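Participant: Need a 3D model of the following:
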Amino acid sequence: MLKITALAENISENELLSADFGLSLYIEFGGKKILLDTASTGKCLENAEKLGINLHSLDAIVLSHGHFDHTDGAVSLIENGITDTPVYISRYAFSERYWHRTDDGEFYFPTMAGISPAYLQRKHVPFRALCTDSYELGENIYILSNISRSCEFEAVCPDDFVKVGNDYVIDDYRDECVLVLDMGGGLAVLTGCGHHGIINIIRHVEKVFNKPVWVFVGGTHLVAFGAERTELTVKALKESNLKLLCAGHCTGPDAMKAFAEKLPFFKPLHTGTIIEL
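Facilitator: Numbers count the residues shown, from 1 in each chain. Here you go, the predicted structure:
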């Protein structure tokens, strides 16, 4: 059985739970309890307590990439005593990252993670800085990175940058990981932002495992693109093996609306959303 509870997302669908910019998913699968991302401020911990979920009993915390809205809630967890749970994150996630705010002129808004290896070491948190394309977290549970790009319309977002020396270079998201759960006949894929593009991710995962992706949960980063890309994405998803698409966070309201209107297997993802399969 697979159960996913959204502990934090930009919008809350439960008046008892607080929204938080970013995403945090509590996953129960194969006897393991995993937290994928921690959103921005630690609301995931508060919401978990309200739902009767004990984050002190986690088997792993996986941080999908090095943006603050997916990592910085970890500070709240750690400062509240969750220090024995191993943290898994890409070795590239600690780079200086920025959003080029062209609406404000030549200004680079910092988006990098607020945690560092030094902070984790100082707090005695066990962590693994992943440097492989595939890591087996548990039986039928995998962390994948270095997503290949085969979809012609899923270009890299031109507004995300990494600072290299004194230069700002367009981010290739080499730090971004996805969580893959092997459900037997098919796969579930969970993302933080899905910067590589949902179609690229699905194709890559299906190629690695030689199985269909049935479930996709998380962000799709379509908010950074226009209607044309959303239309092409919808068309490709209709031709995919998906049985459930549960998307939110950086998907954006326009793409969410298009998914709801055109994909019968779509479910919006907000704080409090529960998926049981």
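Participant: And what about Lys257, helix, strand or coil?
Facilitator: Look at Lys257: counting by DSSP: H, G, I helix; E, B strand; the rest coil, its state is helix.
Participant: From here on, call the first residue 779.
Facilitator: Done: numbering now begins at 779, and the last item shifts to Lys1035.
Participant: hey, where'd the helices end up in the stretch 779-928 of the chain?
Facilitator: With DSSP state H, counting those that start in this stretch as the criterion, the stretch 779-928 of the chain has helices at 821-828, 846-849, 851-857, 895-900.
Participant: State the distance from the closest residue to Glu791 other than its chain neighbours to Ala826.
Facilitator: Distances taken as CB to CB, 6 or more residues apart in numbering put His1048 closest to Glu791, at 4.3 Å, once the chain neighbours are dropped. For the C-beta atoms, the positions are set from N, CA and C on the backbone; glycine is no exception. Distance from His1048 to Ala826, counting by CB to CB, to the nearest Å: 16 Å.
Participant: Which residue lies nearest the spatial centre of the protein?
Facilitator: The centroid of the chain falls nearest to Gly970 when counting by CA atoms, centre = their mean (0.9 Å).
Participant: what about the protein, any weak spots by pLDDT?
Facilitator: 880-884 (pLDDT under 70).
Participant: Let me see the contact set for the closest residue to Tyr913 other than its chain neighbours.
Facilitator: Distances taken as CB to CB, 6+ apart put Ile921 closest to Tyr913, at 4.4 Å, once the chain neighbours are dropped. For Ile921, the contact set (CB atoms under 8 Å, 6 or more residues apart in numbering) comprises Val840, Tyr866, Leu908, Ser912, Tyr913, Leu915, Cys955, Val956, Leu957, Val958.
Participant: In space, what's closest to the fourth one - neighbours in sequence excluded?
Facilitator: By the measure of CB to CB, 6+ apart, the closest residue to Ser912 outside its immediate chain neighbours is Leu922, 5.5 Å from it.
Participant: burial count for that neighbour?
Facilitator: Per other CB atoms under 10 Å, the neighbour tally for Leu922 reads 21.
Participant: Confirm for me that it is in contact with Phe987.
Facilitator: No. Shown here, Leu922 and Phe987 do not form a contact pair, counting by CB atoms under 8 Å, at 9.2 Å.
Participant: anything in contact with each of these two?
Facilitator: By CB under 8 Å, 6+ apart, the residues touching both Leu922 and Phe987 are Val958.
Participant: just to revisit the earlier point, how far away is the residue nearest to the centre of the chain from Thr1029?
Facilitator: From Gly970 over to Thr1029 (counting by CB to CB), the distance is 12 Å.
Participant: rewinding a little: scan the contacts of Ile921 and report the most crowded one.
Facilitator: Compared across those, Cys955 has the highest neighbour count, 28 neighbours, by other CB under 10 Å.
Participant: where does it fall, phi/psi-wise?
Facilitator: The phi/psi pair for Cys955 (degrees, to the nearest 10) reads phi -120, psi 150.
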